[in-house]
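Colleague: take a look and give me a structure for this.
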Amino acid sequence: MWSLVARVWKDNQQFFLILTCIVFFKSAIADLSSISGASMQPTLLDGDKIWVNKLAYDIKVPFTEISLKRLSAPKRGDIVIIDSKKAGKRLVKRIIGIPGDTILMQSNTVTINGKPVNYEIVSEDGEAITIQESIDNSHKIRITNNFSPGKIRTFGPTQVPTEEFFVLGDNRDNSADSRVYSFIPRGELIGRSSSVIFSLDNENYYFPRAKRFFSKLD
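Modeller: The predicted model follows:
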């Protein structure tokens, strides 16, 4: 048996080396992540494929949360991919609060450390309002016109613990985020995304959304 294993290895060393490099790259350096659902609309759409920079914050041991070296601190406004243990799945959300921040939400208006976030209405239709939200950067969020008991529009005040983060989805009335799963430990941050690589419209026979290819995220 071992002779067979040795023979297979000898005949396929180059293939196994390439495969190992690919697995290492996807685990520790960068990867693509698929967007499923509407929790980050209007920034991200169902069917988007986004670039994930896994070296944005830490150099980690592959397939673990163990940090070998910290490269930078996550910032308010960053779009992050999260390996959420409480949710039992990966999440894509936006960082709103960093360690030490006091967060208060009142009727979907966020206050950070006693200072209200700036909002400006961009557009409105029968279902929702699109608003420009300015924290440390500017980005669009979506708020539905009709309120239902299942929506969490008021939250806190609460202080973000050390080494943890408060995150929200841009589609504020259709997102399970820190209002549901509480704060996100730094170790659960897989990486940061700043661009859409390509996008397929799942409701239109997976037709490519060409305008979203290689588009930058706010």
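Colleague: which residues of this structure fall in helices?
Modeller: All helices of the chain, identified by DSSP state H, fall at 2-11, 13-28, 178-181.
Colleague: so which bits of the shortest one are buried?
Modeller: Residues of helix 178-181 classed as buried under the neighbour-count rule (16 or more other C-beta atoms under 10 Å) are 178-179, 181. C-beta here means a position set from N, CA and C on the backbone, and glycine is covered the same way.
Colleague: now flag whichever of those residues is closest to residue 160.
Modeller: residue 178 (8.9 Å; C-beta to C-beta).
Colleague: quick one: the closest one from residue 32, how far?
Modeller: Residue 178 is 25 Å from residue 32, where distance means C-beta to C-beta, to the nearest Å.
Colleague: check residue 153 too.
Modeller: 33 Å.
Colleague: and what of residue 60?
Modeller: 18 Å.
Colleague: who has more neighbours out of the two?
Modeller: residue 60 (20 against 12; other C-beta atoms under 10 Å).
Colleague: the more buried one is in contact with residue 71, isn't it?
Modeller: No: counting by C-beta atoms under 8 Å, residue 60 stays clear of residue 71, with 10.4 Å between them.
Colleague: contacts only, for the residue positioned nearest the centre of the chain.
Modeller: Central residue of the chain (C-alpha atoms, centre = their mean): residue 92, 2.7 Å from the mean position. Going by C-beta atoms under 8 Å, 6 or more residues apart in numbering, residue 92 touches 33, 35, 39-40, 44, 50, 79-82, 193.
Colleague: ok now do residue 73, which residues does it touch?
Modeller: 57, 98.
Colleague: revised request: answer the last question for residue 19.
Modeller: Counting by C-beta under 8 Å, 6+ apart, residue 19 touches no other residue.
Colleague: what separation do you get for it and residue 29?
Modeller: 15 Å.
Colleague: ok, now residue 76?
Modeller: Distance from residue 76 to residue 29, by C-beta to C-beta: 25 Å.
Colleague: which of these two has more residues huddled nearby?
Modeller: More neighbours surround residue 76 than the other of residue 76 and residue 29, with 17 against 14 (other C-beta under 10 Å).
Colleague: tell me the pLDDT of the residue nearest to residue 87 when sequence neighbours are not counted.
Modeller: Leaving aside its sequence neighbours, residue 87 sits nearest to residue 181 (C-beta to C-beta, 6 or more residues apart in numbering; 5.3 Å). Residue-level confidence at residue 181 comes out at 96, pLDDT.
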